[in-house]
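Undergrad: Sequence first, predicted coordinates after that:
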Amino acid sequence: MKTTKKPPAKRTTRHAAAKPSAKPAAKKHEPGREIDLFGVPMDLGGSRRGTDMGPSAIRIAGLEEKLEQLGYDVRDGGDIHVESRETTRQGEAKAKFSPEIARCCEQLRKKVQASVAKGHRPIVLGGDHSIAIGTVAGVAGHFRAKGASIGLIWVDAHGDMNSPDTSPTGNVHGMPLGVLLGYGPPELVKLGGFAPKVKPEHTVLIGIRDLDVGEKELIKKSGALVFTMKEVDQFGMSEVARRALERVTYGTAGFHLSVDLDGVDPMVAPGVATAVNGGLNFRETHLLMELVADSKQMLSMEVVELNPVLDTRNRTAEFAVGLMLSAFGRRIL
């Protein structure tokens, strides 16, 4: 599935409206109807406790049953074991708990890579966003062995592109996208034996509205395509999704979708670890998921940063399940 044409030149947020000059000739295929679920009850990547209960909350909201009603064959692979904060050494203050996060992500990488190798589509349930390092490493590793690259759509209020030197907190859940692009703690960057996991020209961020000072410079230099909430408001989600999908499917085998629920406005999804006002609304988020489904190029998905401690009657978990159903093809009509 390797294209013979060169991808378009790298673009930054200043060129969000630009388009590739041509589309690759490689024929794509829709991934299969088998889904593997994996939970990662991780809260080591952030400061606020509670995201370790996210996978359970999503399961309680009926994800497996509802996916089966869409005609999928769903297998729940259970949870990756994560040591608790109380029994784990923090380690380096600039990248807290990174050895344990690396260990968990390596276990997740192996499971995800095995799932994709069978032609299945993995859904990973978080947990904080540091787990994306393992998910993307698994998907990218499978296609790298075939000489192909993957795209990445990153839905988030935050850029998650801090390095240990720019992070004001040392929390790894603010670094995973940077790690995937090739910079950060070595034990995370080199996970799976290769780096970067994705190329910036195949990476799109959507919903961004809260960035750290040093992180802004890294994002500008990265070459990733960034749609802040200003662009979402200005262009509308339909156009943002079109441009995003064009970018992540150009010259790739397909794309991974990483959804941090704090990308959604807290009026819609209150049960998140680091809520930021002014996010994506209910229909904007579902429209993005529906257009993802229409593309038939999503290889894998994860939903992270659900914090049931801060939720109301599992409302955010039920919303998260609805998003996953839309991304996997549930239609209004």
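TA: Looks like it came in fine. Because the structure is a prediction, the values reported are computed rather than measured.
Undergrad: Off-centre distance for stretch 179-190?
TA: Averaging C-alpha positions (Cα atoms, centre = their mean, to the nearest Å) puts stretch 179-190 16 Å from its chain's average.
Undergrad: same thing with stretch 254-270?
TA: Put simply, stretch 254-270 sits 9 Å off its chain's centre (Cα atoms, centre = their mean).
Undergrad: List the buried residues of it.
TA: 254-266, 268-270 (16 or more other Cβ atoms under 10 Å). Yep, even glycine has a C-beta here, placed from its N, CA and C like the rest.
Undergrad: Give me the subset of those lying in strands.
TA: F255, H256, L257, S258, V259, D260 (DSSP state E).
Undergrad: Pull up the gap between the second one and L211, please.
TA: H256 sits at a distance of 22 Å from L211 (criterion: Cβ to Cβ, to the nearest Å).
Undergrad: returning to what we had before: nearest to V116, of the ones in strands among the buried residues of stretch 254-270?
TA: Checking these against V116 by Cβ to Cβ gives H256 as the nearest, at 9.9 Å.
Undergrad: My guess is that closest one contacts T135. True?
TA: Yes - proximity of H256 to T135 meets the contact threshold set by Cβ atoms under 8 Å, at 6.9 Å.
Undergrad: Can you give me the buried ones in stretch 298-317?
TA: 298-308, 310-311, 314, 316-317.
Undergrad: Kindly report the same for stretch 170-177.
TA: So stretch 170-177, judged by 16+ other Cβ under 10 Å, has buried residues G170, N171, V172, H173, G174, M175, P176, L177.
Undergrad: circling back: report the set of residues contacting both of H256 and T135.
TA: Contact criterion Cβ atoms under 8 Å, 6 or more residues apart in numbering; residues shared by H256 and T135: S300, E302.
Undergrad: Would you mind giving me the confidence score for the spatially most central residue of the chain?
TA: With distances taken as Cα atoms, centre = their mean, the chain has S258 as the residue nearest its mean C-alpha position (1.6 Å). The model reports S258 with a pLDDT of 98.
Undergrad: who's it bridged to?
TA: S258 has the following beta-bridge partners by DSSP bridges: W154, E302.
Undergrad: Quick check: it touching D160?
TA: No - applying Cβ under 8 Å as the test, S258 and D160 come out as separate, 9.0 Å apart.
Undergrad: which residues do these two both contact?
TA: H129, W154.
Undergrad: in the helix or strand of the chain with the lowest mean pLDDT, what counts as buried?
TA: Here the helix or strand of the chain ranked lowest by mean pLDDT, DSSP states H and E is helix 213-222, holding a mean of 93. Within helix 213-222, the residues scored as buried using 16+ other Cβ under 10 Å are E215, L218, I219, S222.
Undergrad: Is it correct that the second one is in contact with D160?
TA: So the one you mean is L218. No - applying Cβ under 8 Å, one finds L218 not in contact with D160, separated by 10.5 Å.
Undergrad: shared neighbours, those two?
TA: Joint contacts of L218 and D160 (Cβ under 8 Å, 6+ apart) are G178.
Undergrad: just curious, which of the ones in strands among the buried residues of stretch 254-270 is nearest to V112?
TA: Of all these, the one with the least separation from V112 (Cβ to Cβ) is H256, at 9.5 Å.
Undergrad: quick one: contacts for the closest one?
TA: 135-136, 139-140, 150-153, 298-302.
Undergrad: hmm, try it at 6 Å
TA: H256 sits next to V136, V139, I150, L152, L299, S300 when contact means Cβ atoms under 6 Å, 6 or more residues apart in numbering.
Undergrad: Against D156, how distant is it?
TA: Per Cβ to Cβ, H256 is found 14 Å from D156.
Undergrad: tell me, how many neighbours does K230 end up with?
TA: Using other Cβ atoms under 10 Å, K230 has 12 other residues around it.
Undergrad: In a helix, it, correct?
TA: Yes - the assignment for K230 is a helix, going by DSSP: H, G, I helix; E, B strand; the rest coil.
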